[in-house]
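Colleague: Predicted model follows, preceded by the sequence.
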Amino acid sequence: MSAPRPVEEVVLEPVRVALALAMKKLHATREEARLELLEALASRVGGFSLDEYRAVDRREYAIDSRTARAVVMSAHDALLATRAPAALALASLARPEVSRAERRVNGAYYTDFRLAGYLAGKVWRGFATGLKVLDPAAGTGILLAAVALHLCGSDRARLRRFVARSIYAADLSRAALRGARLALASLTDDITAIQSLADHLRCQDSLLAGPEAWRDVAPKGFDVVIGNPPWEKLKVTRHEFLQASGVVRNYGDEYEEDGDAAELESAKQKSAAYGDQVATLYPRQAGGELDLYRAFLEFSMRATREGGQLALLVPAGLIRSQGTEALRRALLDGSSRLEFTVFDNKARFFEIDTRFKFLAVHAELGARGDALYLRYASGTDEGITETSVARLERDALMSLRRDLTVPEVRDDKAWHMFRRMCERGKLLEKLAPEWRMKIVREVDMTRDRAKFTRQSEGSRLPVIEGRMVHQYRFGAKSYVSGTGRSAAWSINPLGSSKTSPQFWIRLEDLSTSVAARVTRARVGFCDITGQTNERSMLAALVPPGAVCGNKVPTITFANESLAFLFLAVANSLPFDWLLRRVVTTTVNYFVLLGLPFPALHLDGVPARRLIALARELVRLDAQQGEPVDAWGVAEMRAEIDAQVARAYGVDGDVLEDLLGDFPLIDRGQPSLPGEFSSTVTKDLFLLKASELSGKSDEKRAARVTRAKALGAMPYTPGEFAYVQVPTEGGSRCRARLERSRRECAG
């Protein structure tokens, strides 16, 4: 996964360079000296006396105040030249320096100045006397500085009162709180206000102290609780433990020795003990691994007064994960107004993967409102731009999503399409008894690794990994070399799938139930995915004699026909669109069983046709030596998609909106003259949908004909686009399809 350099680092680089030169001039290397210079810089911005500031602080200083103020002149000029507000920039510059590994272990992804301004902007503007604002995991105070600027603007009198009376913060790091103090002090020239501020900064664990620790200053709760709490799970893994210890390794690499076992076990026990304490204090965690942000959200709700507001940055799992249902319910039932703004990291807010999604949550606590608002926003180098909004009726959400997971619909039109598809279908969890679905993870790629071998002798079975599975294709890739994420795999052309795994396992090393399970065919799907992937659902028929790793859960059904019907629907674009509304990075049981399946009767013509098409697609890819008509395969895929769309009640312009959610389709295919990218899959799908509804679309048919003449091949994954696929010799394939079509219609 890519971890880009945050924009904020680029913006503030001139200031950092100027500070580094100042330290070099003073021959200073310690972290203490850097903070002293930042305090001098803050005094220049705010206009307060550095000597008086230091008198309040009562600590030993290495650099005298006059020298400190003099050497930061160039840094001051550089600071004023940046596009970040000075107080927010100072908060960023004052952050304690930690390694990337430490940052990940602690879940401490510091707030970008653009996000700080956006989140603070959600707080009401009306200035109330005695307003109290808390950040329970404040870091260096960037969110509190943003709230002050949002509510007070450039009014120096208001800023002075706000700094003195309204700001409260807590953090585990004294160094971070020192940074918060200097950043917030830069908003005023009043030393008395700065001294009052210092009394409101507490070095404590907010979760263990609880909201009760603040009752002395906010007996009924705070008016505003704002924050960007830690995002990490309370779980110590060996991989991250080693990285934090300075070991350079890739995820999935094999471990060479166990010399770290005692220290690792101690760290795990310490983390587990802390997790037990937190779970006891914050019971809405629903078991499982404890996410710190969930505990902080519960803390924040309890620390906010009735009628007060929450403004938090949290992972998008809040609206999608099984473990956050209790928190979603509490927010929906306990807020008069509720907004979620969805972001991804393409604007480089954090040093994490650009695809990572997170939320800005804004809630006004009170009597339950009628709707929630789902907003979407993106970042520019200057700030944040909201791009769309959808209004979701809370009662409708409750009826469609009993667990209150919030579908990521970008506007009201998409919300209405989601509602319609749900109402025309039936949840897979309700079909499970009728279909006798059994979903199982057969072997674990980590826990069972000791049983794996790279040799295939005897009764050993191939271990199937997620990258070997694609839509209708089992054995789409073959192992070449390497381990973990650095392993090399080759692509097998359409019609030439084969089982060439990285690992094998003995039949006798499987549990009794799994050993019995692998004697029959079942559906397997890759559970590692993403909303922005080319396709999110990849499912294939797993033949007998192979065992699947934990990233390829398998499903058995009451009969084989249901397996093929499931494959047809699950691999379709309409189902994929539904999945992308609720999935994060994993298609787990919770997500899958909560999706609506179209109301298809097994003995009806549409279902019989879908089963026949899926069966033929599986057969074609498993054959060896016989040429495959790739265009005929694409036409079958398009017909399946059109049939499924019709079963969901989706047609016309709505289909075009649905297809807009798949921008990566047809990468590597030639585009029509004058067009930026190929749309051959979209055109073929829409053409089949028109034909199915009895309408003629000559314009679309002409586009398909022209694309075919250029060599474009629909339904070809981007990574397979340059693999040679034979297109001749497909007459027997077409004859079988025509015979199947007549049989289904009869």
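Modeller: Perfect, thanks for sending it.

Colleague: which SS class is residue 461?
Modeller: strand (DSSP: H, G, I helix; E, B strand; the rest coil).

Colleague: How about residue 712?
Modeller: Three-state assignment for residue 712 (three-state DSSP): coil.

Colleague: who touches it in this structure?
Modeller: Contact partners of residue 712, counting by CB atoms under 8 Å, 6 or more residues apart in numbering, are 666, 669-671, 678, 680. For glycine as for every other residue, the C-beta is placed from the backbone atoms N, C-alpha and C.

Colleague: Among the residues you listed, name the ones in helices.
Modeller: Using DSSP state H, the subset of the contacts of residue 712 located in helices is residue 680.

Colleague: Same list (the contacts of residue 712) but as CSV, adding neighbour count, pLDDT and distance to residue 275.
Modeller: What follows is the contacts of residue 712, written out as CSV (neighbours: other CB atoms under 10 Å; pLDDT from 0 to 100; distance: CB to CB, whole Å):
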residue, neighbour count, pLDDT, distance to residue 275
666, 26, 94, 46
669, 20, 95, 49
670, 16, 95, 54
671, 15, 95, 53
678, 23, 96, 50
680, 27, 97, 51
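
Colleague: In TSV: the contacts of residue 712, plus distance to residue 26.
Modeller: As requested, the contacts of residue 712 are exported to TSV (distance: CB to CB, whole Å):
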residue	distance to residue 26
666	59
669	61
670	62
671	60
678	60
680	65
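
Colleague: Could you tell me which of the contacts of residue 712 belong to strands?
Modeller: Residues of the contacts of residue 712 located in strands (DSSP state E): none.

Colleague: can you tell me which of the contacts of residue 712 lies nearest to residue 702?
Modeller: For these, the minimum distance to residue 702 (CB to CB) is 12.7 Å, reached by residue 680.

Colleague: any idea how this protein splits into domains?
Modeller: Following automatic domain parsing, one gets these domains for the chain: 7-232+292-358, 238-281, 432-571, 619-745.

Colleague: Of those domains, which shows the lowest average pLDDT?
Modeller: Looking at these, the lowest mean pLDDT belongs to domain 238-281 (a mean of 65).

Colleague: Please list the residues outside stretch 574-589 that contact it.
Modeller: Residues from elsewhere that reach stretch 574-589, judged by CB under 8 Å, 6+ apart: 316-317, 320-322, 357, 405, 407-409, 418, 421, 439, 525-531, 535-537, 553, 569, 591, 594-596, 641, 644-645, 648, 650, 658, 661-662.

Colleague: what about that stretch, how long is it end to end?
Modeller: Its first and final residues considered, stretch 574-589 spans 19 Å by CA to CA, to the nearest Å.

Colleague: Doesn't residue 376 lie inside a strand?
Modeller: Yes: counting by three-state DSSP, residue 376 is part of a strand.

Colleague: what is it paired to in the beta sheet?
Modeller: Residue 376 forms beta bridges with residue 342, residue 388, as assigned by DSSP bridges.

Colleague: and the gap between residue 32 and residue 92?
Modeller: Remark: distance between residue 32 and residue 92 (CB to CB, to the nearest Å) = 19 Å.

Colleague: got it, and residue 575?
Modeller: In terms of CB to CB, residue 575 sits 43 Å off from residue 92.

Colleague: how about the domains of the chain in a markdown table, adding distance to residue 587?
Modeller: Shown next, in a markdown table, are the domains of the chain (distance: least, CB to CB, whole Å):
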| stretch | distance to residue 587 |
| --- | --- |
| domain 7-232+292-358 | 12 |
| domain 238-281 | 20 |
| domain 432-571 | 5 |
| domain 619-745 | 16 |
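
Colleague: closest to residue 413 out of these?
Modeller: Nearest of the domains of the chain to residue 413, taken as CB to CB: domain 619-745 at 6.5 Å.

Colleague: For the closest one, what is the distance to the chain centroid?
Modeller: Put simply, domain 619-745 sits 30 Å off its chain's centre (CA atoms, centre = their mean, to the nearest Å).

Colleague: residue contacts, residue 462?
Modeller: Residue 462 is in contact with 456, 499, 501, 503-504, 545-547, counting by CB under 8 Å, 6+ apart.

Colleague: Weed out the non-buried ones from the residues you listed.
Modeller: 499, 501, 503-504, 546-547 (16 or more other CB atoms under 10 Å).

Colleague: Which one of those is nearest to residue 229?
Modeller: Checking the buried ones among the contacts of residue 462 against residue 229 with CB to CB, the nearest one is residue 503 at 39.3 Å.

Colleague: The closest one pairs with what?
Modeller: residue 463.

Colleague: farthest-separated two in the contacts of residue 462?
Modeller: Farthest apart among these by CB to CB are 503 and 545. That separation is 14.9 Å.

Colleague: In strands, which of the contacts of residue 462 fall?
Modeller: 503-504, 547.

Colleague: which of these lies closest to residue 428?
Modeller: residue 547 (24.0 Å).

Colleague: Go ahead and confirm that closest one touches residue 460.
Modeller: No: the criterion here is CB atoms under 8 Å, and residue 547 misses it with residue 460 at 9.8 Å.

Colleague: shared neighbours of these two, anything?
Modeller: Counting by CB under 8 Å, 6+ apart, the residues touching both residue 547 and residue 460 are residue 505.

Colleague: Which residue ranges of the stretch 1-150 of the chain form strands?
Modeller: Ranges of strands within the stretch 1-150 of the chain are 133-135, based on DSSP state E, counting those that start in this stretch.

Colleague: and if you look at the stretch 451-600 of the chain?
Modeller: Along the stretch 451-600 of the chain, counting by DSSP E, counting those that start in this stretch, strands occupy 452-453, 460-464, 469-470, 473-474, 477-481, 488-491, 503-506, 522-525, 539-542, 547-548, 554-556, 596-598.

Colleague: Which one of the ones you listed lies nearest to residue 152?
Modeller: For residue 152, the closest of the strands of the stretch 451-600 of the chain is strand 596-598, at 49.0 Å, according to CB to CB.

Colleague: by contact count, what packs against the closest one?
Modeller: Applying 3 or more CB pairs under 8 Å, 6 or more residues apart in numbering; DSSP states H and E, one finds that strand 596-598 contacts strand 425-427, helix 428-435, helix 630-648.

Colleague: Buried residues in the next helix or strand after the longest one, which are they?
Modeller: Going back to what we said before, that points to helix 630-648. Using DSSP states H and E, the next helix or strand after helix 630-648 towards the C-terminus is helix 653-659. Buried residues in helix 653-659, counting neighbours by 16+ other CB under 10 Å, are found at 654-655, 657-659.

Colleague: got the contact list for helix 653-659?
Modeller: Counting by CB under 8 Å, 6+ apart, 413-414, 417, 573-574, 577, 645, 650, 665, 682, 685-686, 689 sit against helix 653-659.

Colleague: Now list the buried members of the residues you listed.
Modeller: Judged by 16+ other CB under 10 Å, buried ones among these: 414, 417, 573-574, 577, 645, 650, 665, 682, 685-686, 689.

Colleague: Could I get those residues in JSON lines, plus columns for distance to residue 491?
Modeller: JSON lines is the format used below for the buried ones among the contacts of helix 653-659 (distance: CB to CB, whole Å):
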{"residue": "414", "distance to residue 491": "34"}
{"residue": "417", "distance to residue 491": "34"}
{"residue": "573", "distance to residue 491": "22"}
{"residue": "574", "distance to residue 491": "27"}
{"residue": "577", "distance to residue 491": "26"}
{"residue": "645", "distance to residue 491": "29"}
{"residue": "650", "distance to residue 491": "32"}
{"residue": "665", "distance to residue 491": "18"}
{"residue": "682", "distance to residue 491": "24"}
{"residue": "685", "distance to residue 491": "24"}
{"residue": "686", "distance to residue 491": "28"}
{"residue": "689", "distance to residue 491": "30"}
